[in-house]
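# the following comprises the amino acid sequence and a computationally predicted model.
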Amino acid sequence: MRTENNLPFEVYGNMDLIQDKKPICITFGNFDGVHLGHKYLIDSAVKPRNDEGKSIAKPYPLVIVTFEPHSSDYFTPHNPKQLLTNKDDKIALLLSYGASAVVVQKFNLEFASLSADDFCNQWLKANFNVHSVLLGHDFCYGKNRQGNFEHMKNYADKHGWDVSQISVFKDSITNHNPVSSSLIRQEISSGNMEKAEGLLGHAYSLGGIVVHGDHKGRALGFPTANLKLDCNYVLPKYGVYACYVELEDKILMPAVMNCGIRPSVGEGLKLQIEAHILDFNQDISLVACFTATG
């Protein structure tokens, strides 16, 4: 949960780490989907091991910096990125995987204009008591992506920080090719939900609120909950899916979800995401549909 503060960003989790300038390990990224590759990076910080593979004590708590909106949306606002997680779910997953705090930095003109040097000096050093920096294998920062591992290492050496870079994570599901948010988006768009969820390491969900439809399903004895999405999700290939519907009280109900385009009076074709909850006939207002198999 966010706590009000005088910091130039939102903080979730243990705010005292930031506000009291306690020493931390810090890492950065969009973390869309919080997939197996992201978990591998987090585990490297919260469950470190020595060269023999034995666990060693973690000296400093992990703070994860992520961006809102997705950094690519700033540069291509006419073509917003389709997302694997909404903001709230992303934060919850990052904290559940071991982050002590999640910082949500607004990605705007001011932030995007920082040079690599200014990112390190005016933003990173000014806002955090950094003990160590953990970078993903492909993370760059600063205007025109000037900053990389070598740049951070040179800066960190002058300030006594430890810097390490995590190698790319590969998995047998991808024939040992890199696991990435882009790959998972492709699998979902193709309807390969089991493979996508294997790469995510958790269920893929579509969150939103229930809106009234035309009630044709109810008239036929097959009532559906029509979902208005709460962000620009990657949608499964149009079709019918087995899923679970999460109600407001966190109860999961087995359901069948239809994702597709249908005619709408006065609007032409309209995206329709609707779920029929099995053996259930109550009014609901807020749901998250967890897709299972195509």
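Received the coordinates, thanks.
# CA atoms of the helix or strand where E197 lies as CSV?
E197 is part of helix 193-200 when elements are defined by DSSP states H and E. Extracted in CSV, the C-alpha atoms of helix 193-200 (Å, rounded to 0.1, in the frame of the first residue of the first chain):
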residue,chain,number,x,y,z
MET,A,193,-2.0,-20.0,-22.4
GLU,A,194,-0.4,-23.0,-20.7
LYS,A,195,3.0,-22.1,-22.1
ALA,A,196,2.5,-18.4,-21.2
GLU,A,197,1.6,-19.2,-17.7
GLY,A,198,4.6,-21.6,-17.4
LEU,A,199,6.9,-18.7,-18.3
LEU,A,200,5.1,-16.3,-16.0
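# please name every helix or strand in contact with it.
In this structure, helix 193-200 packs against helix 181-189, strand 204-211, strand 286-293, with contacts taken as 3 or more Cβ pairs under 8 Å, 6 or more residues apart in numbering; DSSP states H and E. Just so you know, the C-beta spots here come from the backbone N, C-alpha and C atoms, and that holds for glycine as well.
# can I get the first one in PDB, CA atoms only?
Taking only C-alpha atoms (Å, rounded to 0.1, in the frame of the first residue of the first chain), the coordinates of helix 181-189 have been written out as PDB:
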ATOM      1  CA  SER A 181       7.800 -10.200 -21.500                       C
ATOM      2  CA  SER A 182       7.800  -9.900 -25.300                       C
ATOM      3  CA  LEU A 183       7.800 -13.700 -25.700                       C
ATOM      4  CA  ILE A 184       5.000 -14.100 -23.200                       C
ATOM      5  CA  ARG A 185       2.900 -11.500 -25.000                       C
ATOM      6  CA  GLN A 186       3.400 -13.500 -28.300                       C
ATOM      7  CA  GLU A 187       2.300 -16.700 -26.600                       C
ATOM      8  CA  ILE A 188      -0.800 -15.200 -25.100                       C
ATOM      9  CA  SER A 189      -1.800 -13.500 -28.400                       C
END
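# on that earlier part again, now the angle between helix 181-189 and the helix holding E197, please.
Our comparison of helix 193-200 with helix 181-189, counting by axes from the mean of the first three to the mean of the last three Cα atoms, to 10 degrees, yields an angle of 160 degrees.
# could I get the buried residue list for helix 193-200?
Across helix 193-200, burial judged by 16 or more other Cβ atoms under 10 Å covers 193, 195-200.
# next: stretch 174-186.
Using 16+ other Cβ under 10 Å as the test for burial, stretch 174-186 gives 174, 179-181, 183-185.
# from the residues you listed, which one has the minimum pLDDT?
When the buried residues of stretch 174-186 are compared on pLDDT, T174 comes out lowest, with 82.
# could you measure that one against L36, distance?
Going from T174 to L36 by Cβ to Cβ, to the nearest Å gives 10 Å.
# what sits in contact with each of those two?
Common neighbours of T174 and L36, using Cβ atoms under 8 Å, 6 or more residues apart in numbering, are L199.
# shouldn't G29 be in contact with T66?
Yes - judged on Cβ atoms under 8 Å, G29 makes contact with T66 at a distance of 6.4 Å.
# quick one: which of the two has more around it?
T66 (25 against 19; other Cβ atoms under 10 Å).
# excluding sequence neighbours, find me the nearest residue to that one.
Among residues not flanking T66 along the chain, F31 sits closest, at 5.0 Å (Cβ to Cβ, 6 or more residues apart in numbering).
# close enough to count as contact, that neighbour and D89?
No - F31 is not in contact with D89 according to Cβ under 8 Å; the separation is 11.0 Å.
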